[in-house]
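Novice: Quick one: sequence plus predicted model below, questions after.
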Amino acid sequence: MNKFERQSRQPADQQTLPEATGGELAHLPAEIVDVSDAPPIQPRPPLTPGEVRTILLSLMLTMFLAALDQTIVATALPTIGRQFRDVSSLSWVITAYLLASTAVAPVFGTLSDIYGRRAMIITAMSLFISGSILCAVAPNMPVLIVARGLQGLGGGGILPIVQTVIADVVTPRERGQYQAYFSGVWMAAGIGGPILGGVFAEHLHWSMIFWINVPLGLASLAMLLPKMGKIPVFHRRRKVDWLGGVLLMAAAVVFMLVLTWGGNRYLWLSPVIVAMVGSSIALALAFVWHVGNAEEPFLPLPLMGGTVVPYAMACGGFAMGAMLGLTVHLPLYYEVVYHLSASEAGLALIPLAAVSTGGAAIAGRAMARAKHYKQVAIIGTLIAASAGGALALFAMPLWVLLVLLSVFALGLGTAFPVSTVSAQNAVARSQIGTITGATNFFRALLASFTVAVFSAILLMALGADISLAGEHRGPVSSIPVADMVTAFHYVFGAAAAMMVGASLCMILMEEKPLAGPARPVEMAE
């Protein structure tokens, strides 16, 4: 009996068509869609508004923890360095988390499509909480760095799984608004993290930045797990391509180390960096060769093609890269040009972080109501490009700069929900976890690359070591204001160019119809 005959004998309620959730295979009749190896999907009662709220709140709390640990540690680093009498290794407390979280994002996304969301969210949260405990009790710097890597393994799995669970709960048309809510979570973590870290380190103990994760993590699991049984099951059991996953993670880790060390610890053309670049390319080519020959590859390359996914991923990557690149480097600009203190420079970053959430909310509502939903992202990214161009052309007072940054962030924020939901909408339900993990993975890589490019632009323009990565940072007080203004004109110009690229990606991306009712979604329903 061939696979189509087996499929035709399945009950109708066990034949899962992707368009039931917005997939691109909806035009295929049920009898030729092979889900014979998928778990039986029994009809389940629809989630009540109260259950949806509980699930969303628990997911928001879960994501908040992962986002918070990317920002809360920075302000506590000086205190940690003094206690352990080791300042030279402080940057690794940040780097270990970022390396691990970036590398495992596609792994958790794919595994959630194989073993289910419940198993993977428990695994990710267990790693995150265990890593947090080990960080809090770390007796020395090496143990703290290893524990941060373990914490990053869990944190890197949380984001794609949370976005995948949202995709299981709500339709693609409604999903954009929920993505906007989660953008607000990232904004809260970005603003509150440095403040909490400083308060804990100064008035309590630096270990509190890790202990706080334990009760909050357990609370989020206690809220979420009882409701997971009502969420539809769309994962498909299959053989895990561990070799493909290891090759992809290894290539990503080496590439991230190149971006972290290049121009900072080692010169860009030093033998170490050149060798690492070659190793990363070799590992990436080995991954591509393996995927082409594997029976069930870890990350199917055809999934990354088509008329939607590559453009959606590139658009989101451009937006994330421009935002992170400016967030990392603007404090230097504020310090030299406007003579702001470190805390004042942090406050001046709020428009960039906060207003982007408003842009995401606008795009989410447009997706819930409009037929041509990608137009809001096209217009938004073009507005951001215009604001970035103005920043690149003119010197201006601080208040004008902040207004233009707010306009830039508003337009930039529209790219996030449209790109994420469009990619999820273009694949079958059994592949949503895989595509979500891959999207977050490539976004993180492009964002890290953008930070390195912006640093290189400043290095070439200023002719000084202005790296922000710790002990190798040169003195900034000696940099003339006019030189810094000129250097950042190039940075703002690069950010504007990235937003033009994001807009072009949206224009080229096919606008597939979104499944679901064309109506607004309210959290308070």
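Specialist: In hand now; what should we look at?

Novice: what pLDDT does the residue nearest the centre of the chain get?
Specialist: Centroid-nearest residue in the chain: residue 440, 4.6 Å away (criterion: C-alpha atoms, centre = their mean). Reading off the confidence values, residue 440 has pLDDT 83.

Novice: The spatially closest residue to it that is not a sequence neighbour: what's it in contact with?
Specialist: Among residues not flanking residue 440 along the chain, residue 105 sits closest, at 4.5 Å (C-beta to C-beta, 6 or more residues apart in numbering). Heads up, the C-betas are built off the backbone N, CA and C, glycines and all. Residues near residue 105 by C-beta atoms under 8 Å, 6 or more residues apart in numbering: 156-157, 159-160, 437-438, 440-441, 444.

Novice: how does it look with 10 Å?
Specialist: Contact partners of residue 105, counting by C-beta atoms under 10 Å, 6 or more residues apart in numbering, are 155-161, 249, 252, 436-445.

Novice: quick one: it from residue 148, how far?
Specialist: 17 Å (C-beta to C-beta, to the nearest Å).

Novice: Repeat that for residue 48.
Specialist: 40 Å.

Novice: And these two? Which one has more around it.
Specialist: Higher neighbour count among residue 48 and residue 148: residue 148, with 28 against 11, using other C-beta atoms under 10 Å.

Novice: In space, what's closest to the more buried one - neighbours in sequence excluded?
Specialist: Nearest non-adjacent residue to residue 148, counting by C-beta to C-beta, 6+ apart: residue 96, 4.3 Å away.

Novice: Now do the host helix or strand of the one you found, average pLDDT.
Specialist: Taking DSSP states H and E as the criterion, residue 96 maps to helix 91-115. Mean pLDDT, helix 91-115: 82.

Novice: by contact count, what packs against the helix or strand following that helix?
Specialist: As assigned by DSSP H and E, the chain's next helix or strand after helix 91-115 is helix 117-136. With contacts taken as 3 or more C-beta pairs under 10 Å, 6 or more residues apart in numbering; DSSP states H and E, helix 117-136 sits against helix 49-68, helix 91-115, helix 141-169, helix 208-211, helix 213-228, helix 432-462.

Novice: who touches the closest residue in space to residue 355 that isn't next to it in sequence in this structure?
Specialist: Distance criterion C-beta to C-beta, 6+ apart; nearest residue to residue 355, sequence neighbours excluded, is residue 409 at 4.0 Å. By C-beta under 10 Å, 6+ apart, the residues touching residue 409 are 187, 322-323, 326, 350-359, 384, 387.

Novice: what about the stretch 151-300 of the chain, any weak spots by pLDDT?
Specialist: 180, 230, 232-238 (pLDDT under 70).

Novice: any idea where the helices of it begin and end?
Specialist: 172-203, 208-211, 213-228, 242-261, 271-293 (DSSP state H, counting those that start in this stretch).

Novice: what helix or strand does the residue nearest to residue 355 sit in?
Specialist: Here residue 409 is assigned to helix 398-413, by DSSP H and E.

Novice: Any buried residues in that helix, and which?
Specialist: Residues of helix 398-413 classed as buried under the neighbour-count rule (16 or more other C-beta atoms under 10 Å) are 401-402, 404-413.

Novice: Export only the CA atoms of it, formatted as PDB.
Specialist: Extracted C-alpha coordinates of helix 398-413, given in PDB (Å, rounded to 0.1, in the frame of the first residue of the first chain):
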ATOM      1  CA  LEU A 398      19.200  66.200  20.700                       C
ATOM      2  CA  TRP A 399      15.400  66.600  20.700                       C
ATOM      3  CA  VAL A 400      15.200  66.600  16.900                       C
ATOM      4  CA  LEU A 401      17.500  63.500  16.900                       C
ATOM      5  CA  LEU A 402      15.100  61.700  19.300                       C
ATOM      6  CA  VAL A 403      12.100  62.600  17.300                       C
ATOM      7  CA  LEU A 404      13.600  61.200  14.100                       C
ATOM      8  CA  LEU A 405      14.800  58.100  16.000                       C
ATOM      9  CA  SER A 406      11.200  57.700  17.100                       C
ATOM     10  CA  VAL A 407       9.900  57.900  13.500                       C
ATOM     11  CA  PHE A 408      12.600  55.500  12.400                       C
ATOM     12  CA  ALA A 409      11.600  53.000  15.200                       C
ATOM     13  CA  LEU A 410       7.900  53.400  14.300                       C
ATOM     14  CA  GLY A 411       8.500  52.400  10.700                       C
ATOM     15  CA  LEU A 412      11.000  49.700  11.600                       C
ATOM     16  CA  GLY A 413       8.600  48.000  14.000                       C
END
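
Novice: And residue 326, what's its pLDDT?
Specialist: So, for residue 326, pLDDT stands at 87.

Novice: Check the spacing between it and residue 391 real quick.
Specialist: Residue 326 is 9 Å from residue 391, by C-beta to C-beta.

Novice: Equivalent analysis for residue 453, please.
Specialist: In terms of C-beta to C-beta, residue 453 sits 17 Å off from residue 391.

Novice: These two: which is more packed in?
Specialist: More neighbours surround residue 391 than the other of residue 453 and residue 391, with 24 against 16 (other C-beta under 10 Å).

Novice: Leaving out the residues flanking it, which one is nearest to that one?
Specialist: residue 492 (3.9 Å).

Novice: Looks to me like the one you found is in a strand.
Specialist: No - using DSSP: H, G, I helix; E, B strand; the rest coil, the assignment for residue 492 is helix, not a strand.
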